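Visitor: Output the structure for:
(2 chains)
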Amino acid sequence: MRILALALRRLAASLPTLLIILAGLFLLLQLAPGDTVDALAAQMGGGDPAMMARLREFYGLDLSVPAQLARYMGRLVRLDLGFSAIYGKPVAAVILERLPVTLLLMGSSLSLAFAGGMALGVLAARRVNRWPDTLISTLGLVFYATPSFWFGLMGIVLFAVNLGWLPAGGFEEVGAGHTGLRRAVDIAWHLVLPTVTLTLIFLAIYLRIMRASMLEVMTQDFVRTARAKGLGETAVVVRHALRNALLPMVTLIGLQAGTMLGGSVVVESVFALPGLGRLAYESVVQRDLNTLLGIVFVSALLVILVNFVVDLIYARLDPRILAGR
Amino acid sequence: MQAFRRYLRNPAAVLGLLLLLLVIGVALAAPLLYPEDPLDLAGRPLQWPGANPRFPLGTDPSGRDIAAQVFHGARVTLLIGAVATLVSLGIGILAGALAGYHGGWVDDALMRVTEAFQILPSFLLLLVLVAVFGSDLATVTLAIGLVSWPATARLTRAEFLSLRSREFVQACRTLGMGDARIIFREILPNALPPVIVYAGVVMATAILLESALAFLNLSDPNVASWGNLIGAGRGVLRTQWYVSAIPGVAILVAVLAVSLVGQGLNDALNPRLKAAA
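Guide: Here you go, the predicted structure:
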């Protein structure tokens, strides 16, 4: 219960930040050339000034800027993100359709980066400054320096075009009519390349943090105590050092959540996945600002939510956080 | 001088420096080796590298010389990377210095804004800025700087927090110096080294952000950027994959160079950190 109270307090502290984001988004909307009515008029192939004035009145665009800001905030609080002129639906509905794909991609990449980074980081720390460490650290650096979309493209060339092992893009076989488990397997098959692509960027950061954290933990007194009472090296690493070394890794999930969302824009575009990131790209191309700002708002909510969960996990992993209060 | 010698003893840092010099050399050589516009039609499209001695790296789907685009791309990449980094450091240092020095409500307000920028995925924010303000070279560069300053601000703030109550600052106050002079002339030079080292990370990220934007065709289409070339090669990926592959290697080399130099500087300037790691 105290964990929850602590995390909720942190959540409340992020509210002013969210307000700043909303005000910033509104400001950007004001700066953008043309408004919703202009976009609608362009969609309909022009409109007469009287009708456009009526529409502006309908959308509240004739009010003063502070009044508009208040209306905008009021709408967002009710999760009313406006109407997408391009898709002909409320923005919230469009986003909700695309959200599961992105969450699936992010979830699987995050798990893979976390598990891979943990394993490689421990391995590098156990063999510090010898060839496994050098090899792992070098690979990590190369992954970090490579643009993710390029990895994705080369993955398509190698595994989809030349070897024919994996599909080149898409979320599932269209028109195959798979249901249930077969559909799940098909989707998983399509997500292998995108997941690995998105993972590679973060793998480097996770393994570097894990290596440093492991090296630090291994020098602490409780590790010496564990060794002194006769525990084997594996037991010391797995049961005592690992749990403590994991704390910075968990922090990293919260810090990287936003970057991961940004990375999925590029990866989803490379692999033609119908997710939130691709929607963001499409709405830039089609000048659909309502949808774009809606995505930014939802992403901010998502990042705050991830950080809330990270706080909960953190308190669970490290009882000292609660005892310190 | 000692730091410089420590830097040269680190093989990874030396490799980074050599790669960086290579990229700078390529950028400087571009107008000499390829004086024509790299985006002009040069020959038959889609010639493989080595197939025609005139085009050592081949031609792209529009018949433009890939080697010329790679050479001129180094200029664009370094320019965008350097200017975006300067913009980002400028905003970050200013915000961090003011927040750390003044504390209180100034600190609260500035840190809320910093958090707002940290919560928003930077690439998404970049997309919004490009959608609103357009995508010419100057706008893209400014926008990249504008989305990547929060970490610098936090770093500078932490330095200022620990420096502002030192005796030399109190001495400055006793002498009757103004806040601006204390911040920029007295504290900032002491707070700068970790920030400068961090610039390597900022520049690497800036280069990657620009290449991703260019790959999506959302950057300036009128400059020979590596990301633009990768995007152009995407349509012929199945058969002429080299069009996308070659500029990707160039980006890899540039980002690797910048991050290795940054890391090398860090190890050379903070030898204790290296020993602890």
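Visitor: Going by C-alpha atoms from here, please, whenever you check contacts or count neighbours.
Guide: OK.
Visitor: could you point out where chain A is predicted with low confidence?
Guide: A:1, A:33-37, A:39-47, A:58-62, A:175-176, A:321-325 (pLDDT under 70).
Visitor: how about the strands in it?
Guide: Listed in chain order, the strands of chain A (DSSP state E) span A:83-84, A:89-90.
Visitor: So which elements touch the last one?
Guide: Spelled out, it's strand A:89-90. Contact here means 3 or more Cα pairs under 8 Å, 6 or more residues apart in numbering or on different chains; DSSP states H and E; on that basis strand A:89-90 packs against strand A:83-84.
Visitor: what's the strand it packs on packed up against?
Guide: Applying 3+ Cα pairs under 8 Å, 6+ apart, we find strand A:83-84 packed against strand A:89-90, helix A:289-317.
Visitor: Could you identify which of the strands of chain A is most buried?
Guide: Of all the strands of chain A, strand A:83-84 carries the top mean neighbour count, a mean of 20, counting by mean count of other Cα atoms under 10 Å in any protein chain shown.
Visitor: what residues does that strand touch?
Guide: By Cα atoms under 8 Å, 6 or more residues apart in numbering or on different chains, the residues outside strand A:83-84 that reach it are A:89, A:90, A:91, A:288, A:290, A:291.
Visitor: how about the helices in the stretch 201-325 of chain A?
Guide: Secondary structure of the stretch 201-325 of chain A (DSSP state H, counting those that start in this stretch): helices at A:221-228, A:233-235, A:242-270, A:276-285, A:289-317, A:320-323.
Visitor: What of the stretch 1-150 of chain B?
Guide: Going by DSSP H, counting those that start in this stretch, the stretch 1-150 of chain B shows helices at B:2-9, B:11-33, B:66-102, B:104-119, B:122-133, B:137-147, B:150-163.
Visitor: buried ones in the shortest one?
Guide: Read it as helix B:2-9. Buried residues in helix B:2-9, counting neighbours by 16 or more other Cα atoms under 10 Å in any protein chain shown, are found at B:6, B:7, B:8.
Visitor: returning to what we had before: between the helices and strands packed on strand A:83-84, which one is nearest to residue A:110?
Guide: Closest approach to residue A:110 among the helices and strands packed on strand A:83-84 is made by helix A:289-317 (11.7 Å; Cα to Cα).
Visitor: if we can go back for a sec, worst average pLDDT in the helices of the stretch 1-150 of chain B?
Guide: For the helices of the stretch 1-150 of chain B, the weakest mean pLDDT is recorded on helix B:2-9, namely a mean of 80.
Visitor: right, is it up against chain A?
Guide: No - counting by Cα under 8 Å from any Cα of the partner chain, chain A has no neighbours in helix B:2-9; the shortest distance is 15.6 Å.
Visitor: distance of the residue nearest the centre of chain A from chain B?
Guide: Residue closest to the mean C-alpha point of chain A, counted by Cα atoms, centre = their mean, is residue A:261 at 3.0 Å. Taking Cα to the nearest Cα, to the nearest Å as the criterion, residue A:261 is separated from chain B by 6 Å.
Visitor: Please apply the same query to residue A:252.
Guide: Between residue A:252 and chain B the distance is 13 Å, computed by Cα to the nearest Cα.
Visitor: Distance check, residue A:240 against residue A:218.
Guide: From residue A:240 across to residue A:218, the span is 9 Å (Cα to Cα, to the nearest Å).
Visitor: Spatially nearest residue to the one residue in chain A that gets nearest to chain B (excluding sequence neighbours)?
Guide: With Cα to the nearest Cα, the shortest gap between chain A and chain B falls at residue A:258, namely 4.2 Å. For residue A:258, ignoring the flanking residues on the chain, the nearest one in space by Cα to Cα, 6 or more residues apart in numbering or on different chains is residue B:121 at 4.2 Å.
Visitor: Tell me who's in contact with that neighbour.
Guide: A:258, A:259, A:260, A:261, A:262, A:296, A:299, A:300.
Visitor: Verify the contact between the fifth one and residue A:280 for me.
Guide: Same thing as residue A:262. No - counting by Cα atoms under 8 Å, residue A:262 does not reach residue A:280; the two are 9.8 Å apart.
Visitor: who has more neighbours, these two?
Guide: Ranked by neighbour count (other Cα atoms under 10 Å in any protein chain shown), residue A:262 and residue A:280 place residue A:280 first, with 27 against 23.
Visitor: Look up the closest residue to that one, ignoring the ones flanking it.
Guide: Closest residue to residue A:280 apart from its sequence neighbours, by Cα to Cα, 6+ apart: residue A:292 at 5.6 Å.
Visitor: got the contact list for that neighbour?
Guide: Here residue A:292 is in contact with A:279, A:280, A:283, A:284, B:128 (Cα under 8 Å, 6+ apart).
Visitor: where's residue A:271 relative to residue A:105, distance?
Guide: According to Cα to Cα, residue A:271 stands 12 Å off from residue A:105.
Visitor: Mind listing the shared neighbours of these two?
Guide: In contact with both residue A:271 and residue A:105: residue A:194, using Cα under 8 Å, 6+ apart.
Visitor: Between those two, which is the more surrounded one?
Guide: residue A:105 (25 against 22).
Visitor: Phi and psi next, for the residue in chain B that chain A sits nearest to.
Guide: Of all residues in chain B, the one sitting closest to chain A is residue B:121 (4.2 Å; Cα to the nearest Cα). Main-chain dihedrals, residue B:121, degrees, to the nearest 10: phi -60, psi 120.
Visitor: okay if I get the buried residues of helix B:2-9 as TSV plus distance to residue B:190?
Guide: Listed next are the buried residues of helix B:2-9 as TSV, based on distance: Cα to Cα, whole Å:
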residue	distance to residue B:190
B:6	21
B:7	21
B:8	24
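Visitor: Around residue A:193, how many other residues sit close by?
Guide: 24.
Visitor: quick one: contacts for residue B:77?
Guide: Taking Cα under 8 Å, 6+ apart, one finds B:207, B:225, B:226 in contact with residue B:77.
Visitor: Which among those count as buried?
Guide: Among the contacts of residue B:77, those classed as buried by 16+ other Cα under 10 Å are B:207, B:225, B:226.
Visitor: Quick check, pLDDT for the residue most central in space within chain B.
Guide: Nearest residue to the geometric centre of chain B (Cα atoms, centre = their mean): residue B:203, 1.9 Å. pLDDT for residue B:203: 91.
Visitor: Next up, the contacts around it.
Guide: Per Cα under 8 Å, 6+ apart, neighbours of residue B:203: B:81, B:82, B:84, B:85, B:258.
Visitor: Max pairwise distance over those: which two?
Guide: Maximum pairwise distance in the contacts of residue B:203, criterion Cα to Cα, is 13.9 Å, between B:84 and B:258.
Visitor: Comparing the two, which residue is more hemmed in?
Guide: Between residue B:84 and residue B:258, counted using other Cα under 10 Å, the more crowded position is residue B:84 (29 against 26).
Visitor: hang on, isn't that one packed against residue B:137?
Guide: No - using Cα under 8 Å, residue B:84 makes no contact with residue B:137, being 11.0 Å away.
Visitor: which parts of chain B sit against chain A?
Guide: Residues of chain B that fall close to chain A, judged by Cα under 8 Å from any Cα: B:112-113, B:115-125, B:127-129, B:131-133, B:204, B:208, B:211-212, B:216, B:230, B:234, B:237-238, B:241, B:244-245, B:248, B:251-253, B:255-256, B:259, B:276-277.
Visitor: List only those of the residues you listed flagged as buried.
Guide: Neighbour-count burial (16+ other Cα under 10 Å) applied to the residues of chain B next to chain A gives B:112-113, B:115-125, B:127-129, B:131-133, B:204, B:208, B:211-212, B:216, B:230, B:234, B:237-238, B:241, B:244-245, B:248, B:251-253, B:255-256, B:259.
Visitor: Perfect, I'm done here.
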